[in-house]
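**Q** Sequence and predicted structure, then a few things I'm wondering about:
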Amino acid sequence: MHLLLRLAFLFFSLIVQCAFSQTIKNPAFEQYKAEIKLVKKFSYSDSAQMYVHGKKAMEIIKKNKIDYLEAEIKLCYANYFFFQTDYKKAKKFYEEGEAIATKYQNDTLGNIIKVKYAFIEHELGNWSNSKKIYEEVIKNSERVNDTTALIEALNGFANLKEIQNKSDEALELYNRALTIADKSEQKFQFAYLLNNRALLNMKLNSNSLAKKDLLKALSLSRQDRLTGNILNNIGLIYMNEQKPDTITIKKTDPIKKQKADSISKHKIDSINTQKIDSAFLYFDKFYTLAKKSGVPEGLVVGLLNISQIKALKGNIDEAILWCDSALKIAEEHQMIFHTAKILNGLSQHYIKKKDLKAAITFANRSLAASKKTNSFEDIAGSWNLLSQSYSELKDYKNAFECHEKFKLFSDSLFNLSSKKRFDELQVQYEVEQKEKTIEEDKNKLAIVQKESEIESTRKKIWLILLGSVAIIVCGGLYLRYVRSTKKQQEIFSQKLIESIEEERSRIAKELHDDIGTNLSIVKNKIVINTEKGDKQLFRDLTADIGSVIDQTRSISHQLYPSYLYKLSINEAITHFLNRVEKDADLNIVVHLDDNLEPHLSPARKMHLFRIIQELINNTIKHAEASNVKLEITNENNEKIIMIYEDNGKGIQSGPNDGMGMISMRERVKIMNGKMKIGGEGEKDEKGFKISFIFSVED
């Protein structure tokens with residue numbers, strides 16, 4: 001007879017954390033966390049230390065006015081007394097915690113405390129009260145979608161159904177709670193629910209399903225008490241598996257039968273030893289954790305199950321001693337459910353010891369305790385042990401009557417119809433899990449495909465970005481090339497104009513200094529010799545040579561107006577226009593700003609003068625104009641504006657792109673200026689107007 005460790009109350013410490021998840025982080029709260037951690041630790045074993053640290057935590061709460069945290073301390077106290085089976089004190093602290101939860105409108109915590117009430121009623125055998133509370137919490141939790149309280153209520157209700165021998169309903173509740181825990185990703189709850197469902201399967205001899213659930217629960221467990229309980233229950237599976245299969249031999253072949261019996265005995269001994277040793281290994285690990293926590297239930301379970309190992313190994317007296325220790329703790333803490341199982345275990349040990357009177361006494365005591373808990377499993381076990389005891393005493397009448405009662409309760413425990421319903425529920429859950437796995441695989445595949453699409457899109461974006469960068473770089477390089485070419489062209493144009501000016505200057509000097517001088521000498525010689533020869537001939541020669549000298553000087557001045565550097569810009573322009581007005585029969589009106597000279601370098605004076613020369617030249621050659629107007633102004637010492645107008649034919653076919661106009665454009669660029677031809681592009685426009693704007697040099 002051994003105990004299954006079910007988890008209906010282990011959930012406590014994590015629930016409190018959930019209920020207070022929105023606490024503000026500050027130094028005071030950090031101090032509180034350190035103290036409450038110790039309170040929780042000692043709530044499993046040491047009440048004195050629990051109260052010491054609880055008092056410190058309360059002082060921090062009062063000092064910092066975080067009163068709502070007091071509920072957590074109350075729940076720790078209640079937890080301690082529940083595990084000590086002092087349900088009266090446990091209920092008192094639950095009520096105090098519930099009052100705080102109500103005050104601060106913490107519905108989750110309130111529902112969880114109600115579940116604790118239900119479990120106390122459950123342990124005390126008040127099943128109808130327990131059932132009402134579970135149903136109320138389930139309804140309220142579903143209404144507000146409180147999965148934390150809902151899972152615990154479903155688990156507690158399933159425990160109750162299991163004790164009432166309604167295995168199919170219990171399984172349905174466990175499966176429902178497992179589905180919720182899985183969807184809400186509550187791994188701890190999922191693990192302890194797997195443990196509880198495994199125990200139900202063990203009870204119904206479905207050890208393979210139970211083992212599967214327990215191993216999965218063990219992989220998820222991160223809490224010592226849960227881990228210990230799972231280890232204990234895995235040990236129980238090995239205990240159940242220690243019975244070998246029987247071998248059927250034909251009676252007609254005694255030689256083969258004798259040989260098979262020998263093989264079978266060797267196989268039985270080998271299997272028993274292996275399974276029992278494995279079971280003991282798990283029980284020992286659990287008992288070590290139980291002693292560490294000091295929780296009575298854990299100690300009772302550990303002692304009873306190790307007692308079974310001792311009995312299987314033939315150490316009956318040791319087994320009885322372990323059972324006696326378990327019984328002492330169970331009776332001290334009024335653990336009726338556990339007491340019934342321990343008494344059945346003692347009865348079993350005394351049957352093996354052939355102390356049948358003691359066996360009957362302990363079986364009857366177990367039967368009385370089992371009737372209080374209404375556990376069909378324990379009642380059936382007690383009747384079976386009584387039947388065995390009476391059979392050993394040759395009291396076949398009592399043995400038969402007890403066996404009939406054993407069969408009655410065994411059939412009630414798990415009849416054929418409930419077995420069918422139970423199997424249906426188990427299959428239904430397995431199908432749901434497989435469908436869920438398939439759906440998860442589909443989702444994973446969809447995610448992989450989506451990630452692949454995203455990766456493909458990302459690559460396309462990178463290609464587009466790289467292409468864009470390449471285009472931008474190439475475009476930048478091209479613009480740089482164009483600008484560089486343009487700059488080089490401007491530099492070339494500037495140097496070309498400068499070269500032209502230099503060449504004009506050189507030619508003008510040669511015309512003036514060499515040819516002009518030589519012609520003057522020739523003229524003087526002719527004048528000197530006029531009286532010696534034909535006077536008329538010499539007069540004509542003198543006139544012709546004088547004309548050539550004047551033309552040479554005119555060409556020289558046009559090529560290089562030296563007076564530009566001897567006179568101011570205003571005087572040079574006026575001098576030039578006076579000569580043009582005289583020679584070309586033009587009426588020229590000039591307005592020149594007096595403040596031009598300080599803002600024009602020699603080079604700029606030359607460019608400005610050449611532009612005016614080119615404009616006058618175009619007017620004389622092409623415009624057929626009679627009037628010309630030239631205006632140059634200095635606007636606030638910021639820019640120089642020049643406007644040139646004539647009343648000629650104007651521009652008939654768009655801008656003039658001849659050499660003269662090209663030369664003007666280049667000079668404007670050199671001076672960083674702007675040029676605008678008025679009426680450009682209008683065929684019927686009469687006259688010509690052009691304006692220039694140049695920045696002023698400092």
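**A** Sure, I can see it. Residues are numbered from 1 along each chain as shown.
**Q** pLDDT wise, what is Glu510 at?
**A** You'll see Glu510 listed with a pLDDT of 58.
**Q** Can you name the residues that contact the nearest residue to Asn64 once chain neighbours are set aside?
**A** In space, and not counting its chain neighbours, Asn64 is closest to Ala28: 4.1 Å by Cβ to Cβ, 6 or more residues apart in numbering. The C-beta positions use only the backbone N, C-alpha and C, and glycine is treated the same way. By Cβ atoms under 8 Å, 6 or more residues apart in numbering, the residues touching Ala28 are 60, 63-64, 66.
**Q** for Ala28, helix, strand, or coil?
**A** helix (DSSP: H, G, I helix; E, B strand; the rest coil).
**Q** I'd like to know which of the contacts of Ala28 are buried.
**A** Taking 16 or more other Cβ atoms under 10 Å as the criterion, what is buried in those is 60, 66.
**Q** Next step: the contacts of Ala28 restricted to helices.
**A** Members of the contacts of Ala28 lying in helices (criterion: DSSP state H): 60, 63-64.
**Q** tell me the domain boundaries of this structure?
**A** Using automatic domain parsing, the domains assigned to the chain come out as 445-560, 569-695.
**Q** Could you measure from Arg579 over to Ala363?
**A** 150 Å (Cβ to Cβ, to the nearest Å).
**Q** Out of the contacts of Ala28, which is nearest to Thr457?
**A** Ile66 (50.2 Å; Cβ to Cβ).
**Q** Can you name the residues that contact the closest one?
**A** 23, 28-29, 32, 60.
**Q** Next, the buried residues of the helix or strand containing Ser410.
**A** When elements are assigned from DSSP states H and E, Ser410 belongs to helix 396-413. Counting neighbours by 16+ other Cβ under 10 Å, one finds that the buried residues in helix 396-413 are 399, 402-403, 405-406, 409-410, 413.
**Q** Could you save those residues as TSV and add columns showing distance to Glu123 and pLDDT?
**A** Converted to TSV, the buried residues of helix 396-413 look like this (distance: Cβ to Cβ, whole Å; pLDDT from 0 to 100):
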residue	distance to Glu123	pLDDT
Ala399	34	89
Cys402	29	92
His403	31	91
Lys405	26	88
Phe406	26	88
Phe409	22	81
Ser410	25	76
Leu413	21	62
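**Q** biggest separation within these, which pair?
**A** Ala399 and Leu413 (20.6 Å).
**Q** before we move on, back to that, out of the domains of the chain, which is closest to Ile113?
**A** Short answer: domain 445-560, nearest of the domains of the chain by Cβ to Cβ, at 40.8 Å.
**Q** in the one helix or strand Ala603 maps to, what's buried?
**A** In this assignment (DSSP H and E), Ala603 forms part of helix 602-618. By neighbour count on 16+ other Cβ under 10 Å, the buried set for helix 602-618 is 603-616, 618.
**Q** any residues touching that helix, and which ones?
**A** Helix 602-618 has contacts (Cβ under 8 Å, 6+ apart) with 497, 501, 558, 561, 564-565, 569, 572-573, 576-577, 580, 584, 600, 628, 630, 642, 644, 656, 660-661, 663-664, 667-668, 670-671, 690, 692, 694, 697.
**Q** and those residues, which of them are in helices?
**A** Of those, the ones assigned to helices by DSSP H are 497, 501, 558, 564-565, 569, 572-573, 576-577, 580, 584, 660-661, 663-664, 667-668, 670.
**Q** Weed out the non-buried ones from these.
**A** Buried among the ones in helices among the contacts of helix 602-618 by 16+ other Cβ under 10 Å: 497, 501, 564, 569, 572-573, 576-577, 580, 660-661, 663-664, 667-668, 670.
**Q** wait, Leu600 sits on Ala572?
**A** No: using Cβ atoms under 8 Å, Leu600 is not in contact with Ala572, being 10.9 Å away.
**Q** other SSEs contacting the helix or strand harbouring Ile237?
**A** Using DSSP H and E, Ile237 sits in helix 224-240. Secondary-structure packing of helix 224-240 (3 or more Cβ pairs under 8 Å, 6 or more residues apart in numbering; DSSP states H and E): helix 187-203, helix 207-220, helix 254-293, helix 296-312.
**Q** And that helix, what's buried?
**A** Those buried within helix 224-240 under the rule 16+ other Cβ under 10 Å are 225-240.
**Q** quick one, strands of the stretch 501-650 of the chain?
**A** Assigned by DSSP state E, counting those that start in this stretch, the stretch 501-650 of the chain shows strands spanning 587-592, 627-635, 639-646.
**Q** Minimum distance to Leu304: which of those has it?
**A** With Cβ to Cβ as the criterion, Leu304 lies closest to strand 639-646 of these, at 109.4 Å.
**Q** can you state the direction angle for that closest one and strand 627-635?
**A** Taking axes from the mean of the first three to the mean of the last three Cα atoms, to 10 degrees, strand 639-646 and strand 627-635 form an angle of 170 degrees between their directions.
**Q** just the angle between strand 639-646 and helix 602-618, please?
**A** Between strand 639-646 and helix 602-618, the angle comes out at 20 degrees (the same axes, to 10 degrees).
**Q** what's the average pLDDT for strand 639-646?
**A** Mean pLDDT, computed over strand 639-646, is 93.
**Q** Figure out how far that strand is from the centre of its chain.
**A** Put simply, strand 639-646 sits 69 Å off its chain's centre (Cα atoms, centre = their mean, to the nearest Å).
**Q** That strand pairs with which strands, parallel or anti?
**A** In the sheet, strand 639-646 lines up against strand 627-635 (antiparallel), strand 688-695 (antiparallel) (DSSP bridges).
**Q** And the last one, what's buried?
**A** It refers to strand 688-695. Buried positions in strand 688-695, judged by neighbour count with 16+ other Cβ under 10 Å: 688-690, 692-694.
**Q** which one of the residues you listed sits closest to Leu343?
**A** Each of the buried residues of strand 688-695 was scored against Leu343 by Cβ to Cβ, and Ile693 proved nearest at 117.8 Å.
**Q** Surely that closest one is in contact with Ile643?
**A** No: the criterion here is Cβ under 8 Å, and Ile693 misses it with Ile643 at 9.9 Å.
**Q** For His338, which non-adjacent residue is spatially closest?
**A** Leaving aside its chain neighbours, His338 sits nearest to Ala330 (4.5 Å; criterion: Cβ to Cβ, 6+ apart).
**Q** Please report the distance of that neighbour from Leu367.
**A** Relative to Leu367, Ala330 is positioned 16 Å away (Cβ to Cβ).
**Q** ok, the two, which is more surrounded?
**A** Ala330 (28 against 22; other Cβ atoms under 10 Å).
**Q** How about the contacts made by the closest residue to Val144 other than its chain neighbours?
**A** Nearest in space to Val144, with sequence neighbours left out and distances taken as Cβ to Cβ, 6+ apart, is Asp107 at 6.3 Å. Neighbouring residues of Asp107 by Cβ under 8 Å, 6+ apart: 101, 140, 144, 146.
**Q** Check those for burial and list the buried ones.
**A** Buried members of the contacts of Asp107, scored by 16+ other Cβ under 10 Å, are 101, 140, 146.
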